[in-house]
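pasting the sequence and the predicted model now:
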Amino acid sequence: MMTSAGIRQQFLDFFASKKHRIVPSAPIVVKNDPTLLFTNAGMNQFKDYFLGNKKPESLRVADTQKCLRVSGKHNDLEEVGVDTYHHTMFEMLGNWSFGDYFKKEAIAWSWELLTEVYKLDKDRLYVTIFEGDEKEGLPRDEEAFAEWKKVIAEDRILLGNKKDNFWEMGDAGPCGPCTEIHVDCRTEAERKSVDGKTLVNNDHPQVIEIWNNVFMQFNRQKDGGLQALPAQHVDTGMGFERLVRVVQGKQSNYDTDVFTGTITAVEKITGRKYDYSDSKEAIAFRVLADHIRAIAFTIADGQLPANNGAGYVIRRILRRAVRYYYSYLDYKQPLLFQLMPLLAAQFETVFPELKQQLEFVSKVVKEEEDAFLKTLDKGLKRIDDIIAGSGKQVEGKAAFELFDTFGFPIDLTRLIADENNLSVDEKGFEEEMQQQKNRSRAAGTVDTEDWIVLAEHSFNDFIGYDSLEVKTKVVKYRKVKAKGKEAWQLVLEATPFYAESGGQVGDTGILDFEGDIIVVTDTKKENNLIIHFTETLPARIASPVLAKVDLDKRQSTAVHHSATHLLHAALRKVLGNHVAQKGSLVSEEHLRFDFSHFAKVSEDEIIQIETLVNEKIRANIPVHIKEMKKDEAVALGAMALFGEKYGDIVRVVIMDPKYSLELCGGTHVGATGELGFFKIKHEAAVAAGVRRIEAVSGKAAEELINEQFAQIREIRDSLKNPKELSRSVDSLLTDNTELKKRIESLEAKQLTVIKDALLQKVETVNGISFLGAIVEVRSAESIKKLCFELKNDLTNYVVVLAANIDGKAQVAILLDEAVSRSKNLDAPAIIKEHIAGLIKGGGGGQKTLATAGGQDAGNLPQVISKVRSLI
């Protein structure tokens, strides 16, 4: 049986024989494209070629691309593991033509590869073509139909509608008609019983699409219209996992050697057996085999789990996997990280970045698992409380709390509720989810209009390494709306403005339209297009323009970018070669540098790092920048960042070949002496296995030192200019600690007196001991302490204490557990429903003890009366 590695290599070899250039996969994490979080199709990295923003280095290419589909139009997450062919991360095999060959060659070669190289049974194959769309004014794809008739029976050429046979990447962008190849994997008996062509594109698990040939002819406009692309292109995609399943003759993707190694490893770890069924346990095996790949490769490409954006997608996938092994494999400790060495070895030759970062990725995953397993325990305790207070149903708000606070997917809540003979208000849950989505969408929505093109086929050249101003022209512009504000985005034929990338902020400056000055507030990249942000347009947009960068900001930013390189090299010298950049921010004010390291950087190490960087600054080392082939640069020892996409020719920044060589597209100083001085401000952890240093150099470092010395002078003046400042501060702190202890002792005695007086005010209301009083204390904590003290002297009680502390209201409610049950009273609910409005504030707590604070201390007697009325 041909291995999956062999099947992948045959694809690449076949297209190499057709004069295609084989290119590496782009990172799975997308940068410089506001429409995507992850690469979700093989064509993503070639988008600029289709749009005419960039000239391809080769007109024919082929590759295998890491892709991830979990959200938006291509949302497959809930199907993963349940069926046998959906995946989160998958490989997309593809061949591409950029204005070279078109439908004739693409169709002929796809048939040749499938039937002559992979030897697929021609009688099991069907193809679809676009049937046309009258509303769009698009005719049937007669050219594709004619080409298919040359190799396959006409009754196997099926017509597909716009949904299935007109491929679009999103709401806007490159698109065109497509032709799909489907394979019927059913048994002979099933094929005789039901004609396969009736099952094509009908979600049959054994009649599946295997290859899609997209013929890029149009660009979808924001208004829904279609505009012809400058040239016709071919964009094909074949799911690697599905192809392997078909070639290896399996009934499930998970039965192929792409996944069986992982499933076997999970069997050994958990002591369970995979039984190929649709049981929850079998689904758990498939979920783990799939999700581990998405988790591993996104982290290896630089995306750490987080609470928002792309990081939240990864966290959600990881938590889904943890929930499955926790609930259905009864495995209560971290499991995913144990699979990393196996996965890294399996993909070492095709995606080597995981093997190169194995320790780091494993550490991140294990810490994420540890954190969620703790959350899972807390969530299970919370759901016990919810179930105890429920009737026959878990409310939608409660289910959403479990999801939002504890990371519980709704199906886990449903499972636990079912075990307790309860249902879940899933409609209410969905409403809460939708409200959250609407809030997020409203906060982050950017409404972008279509480009207004002034000059066709103009390229967007960056000349900002050598010049900070240039006479140029606007080639296109568009209006954008975000958070209720209108702004404009301009593209220039040539520009000195550096677009935000590689951690370096975008340039600002001005555009001088023959005296009409427009301020550039930011510069960003969209794919490879450099976009200038302005708040207004000139009166004559087509007139010549002088583009001028803010010199001071650029120079200060360059100082911090060069300092970042010196810092990176120093970290590797002091901490070890395991240090790798995991993110950065370079601006005129400071630099922020994230790096892989598993321990806090000690004060001694900080001093060593600063000393080394400042030595290199004083040495005034020339900064050499060279362009060379990537392989040559790597051979010289230049550091490339994981998750970055590099071309064949790269830019190498050298600050002493024996000290710092990095691939970098940013702007830099001419010599290290221009940095002046370097100082680290802060060091902390930002994620599992990732530390962050914030530092300053140049003018910003000078300002920091002046600020620090000014503070020291103020302290000296306050302490009457002592000879030994640190000893005086220590003495002050010691005195302060002693005084605090004395105050606490006096407060404790005072609380005892207050407690004894309060006990004399207890009254009986409907058989319950009620105590309501306004007390004089110094802090909200004192009220809580009083409640704890009173508990020991009361039975069958309701207590409400209130205080005016510095003009603000503080309230505490204490309930006896028996009273809480018998009277159906809940302390946080009393705060929320009866007290918060009176004091113009809010609070919360546990069922029998809750506190609140508010701006209005004038209604404290009413607070006590209100609580009394409840009993």
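Sure, I can see it. Numbers count the residues shown, from 1 in each chain.

mind showing which ranges of this protein have poor pLDDT?
32, 34-35, 71-76, 169-170, 411, 415, 437-446, 457-458, 643 (pLDDT under 70).

in it, which helix is the longest?
As assigned by DSSP state H, the longest helix anywhere in the chain is helix 725-759.

now do the buried residues in it.
Buried residues in helix 725-759, counted by 16 or more other C-beta atoms under 10 Å: 728, 747, 751, 754-755, 758. Quick note: C-beta positions are derived from backbone N, CA and C, even for glycine.

dump those into a markdown table; add distance to Gln555 as well.
Formatted as a markdown table, those follow (distance: C-beta to C-beta, whole Å):
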| residue | distance to Gln555 |
| --- | --- |
| Ser728 | 41 |
| Glu747 | 57 |
| Leu751 | 61 |
| Ile754 | 64 |
| Lys755 | 66 |
| Leu758 | 68 |
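
so which of the residues you listed is the closest to Gln303?
Nearest to Gln303 among the buried residues of helix 725-759: Ser728, at 49.2 Å, using C-beta to C-beta.

what's near enough to touch that closest one?
Counting by C-beta atoms under 8 Å, 6 or more residues apart in numbering, Ser728 touches 719, 722.

what kind of secondary structure is Ile210 in?
Of the three states, Ile210 takes strand under DSSP: H, G, I helix; E, B strand; the rest coil.

Asp594 is in contact with Gly302, correct?
No - using C-beta atoms under 8 Å as the test, Gly302 is too far from Asp594 to be in contact (9.8 Å).

shared neighbours of those two, anything?
Counting by C-beta under 8 Å, 6+ apart, the residues touching both Gly302 and Asp594 are 582-583.

and the helices in the stretch 301-450 of the chain?
309-328, 340-346, 353-356, 358-388, 396-406, 410-419, 426-444 (DSSP state H, counting those that start in this stretch).

phi and psi next, for Ser58.
phi -140, psi 140 (degrees, to the nearest 10).

what's the burial count for it?
14 (other C-beta atoms under 10 Å).

hmm, Arg21 and it touching each other?
Yes - taking contacts as C-beta under 8 Å, Ser58 lies within contact range of Arg21: 4.1 Å.

touching stretch 794-801 from outside, list them.
Residues contacting stretch 794-801 (C-beta under 8 Å, 6+ apart): 758-759, 762, 765, 767-775, 783, 786-787, 790, 811-816, 818-819, 825, 863-864, 867-868, 870-871.

quick one: Gln356 and Leu641 touch, right?
No - in this structure, Gln356 is not within contact of Leu641 by C-beta under 8 Å, at 11.8 Å.

in which helix or strand does Lys479 reside?
strand 474-482 (DSSP states H and E).

partners of that strand in the sheet?
strand 446-448 (antiparallel), strand 452-453 (antiparallel), strand 485-492 (antiparallel) (DSSP bridges).

how about it as PDB, C-alpha atoms only?
C-alpha atoms of strand 474-482 as PDB (Å, rounded to 0.1, in the frame of the first residue of the first chain):
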ATOM      1  CA  VAL A 474      -2.500  58.000  -6.200                       C
ATOM      2  CA  VAL A 475      -3.300  54.800  -8.200                       C
ATOM      3  CA  LYS A 476      -6.500  53.900  -6.200                       C
ATOM      4  CA  TYR A 477      -8.400  54.800  -3.100                       C
ATOM      5  CA  ARG A 478     -11.500  53.800  -1.100                       C
ATOM      6  CA  LYS A 479     -13.700  54.900   1.800                       C
ATOM      7  CA  VAL A 480     -13.800  52.900   5.100                       C
ATOM      8  CA  LYS A 481     -16.100  53.100   8.100                       C
ATOM      9  CA  ALA A 482     -15.300  51.800  11.600                       C
END
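
tell me the buried residues in that strand?
Buried-residue list, strand 474-482, by 16+ other C-beta under 10 Å: 474-478.

for those residues, which one is nearest Ile295?
The closest of the buried residues of strand 474-482, once distances to Ile295 are taken by C-beta to C-beta, is Arg478, at 37.0 Å.

residues in contact with that closest one?
448-452, 488-489.

what is it paired to in the beta sheet?
Applying DSSP bridges, one finds that Arg478 bridges with Gln489.

and the gap between it and Asp171?
Relative to Asp171, Arg478 is positioned 15 Å away (criterion: C-beta to C-beta, to the nearest Å).

try Leu376
37 Å.

those two: which is more packed in?
Higher neighbour count among Leu376 and Asp171: Leu376, with 20 against 11, using other C-beta under 10 Å.

that one touches Arg323, doesn't it?
Yes - the pair Leu376 / Arg323 is scored as a contact, 7.4 Å apart, by C-beta under 8 Å.

mind checking the SS state of Leu114?
helix.

please tell me how far it sits from Asp121.
Look at Leu114 and Asp121: by C-beta to C-beta, they are 10 Å apart.

likewise Ile835?
75 Å.

do the same with Ile452
For Ile452, the distance to Asp121 - C-beta to C-beta - is 53 Å.

now do the strands in the stretch 751-871 of the chain.
763-765, 768-774, 797-805, 808-815, 841-846, 849-854 (DSSP state E, counting those that start in this stretch).
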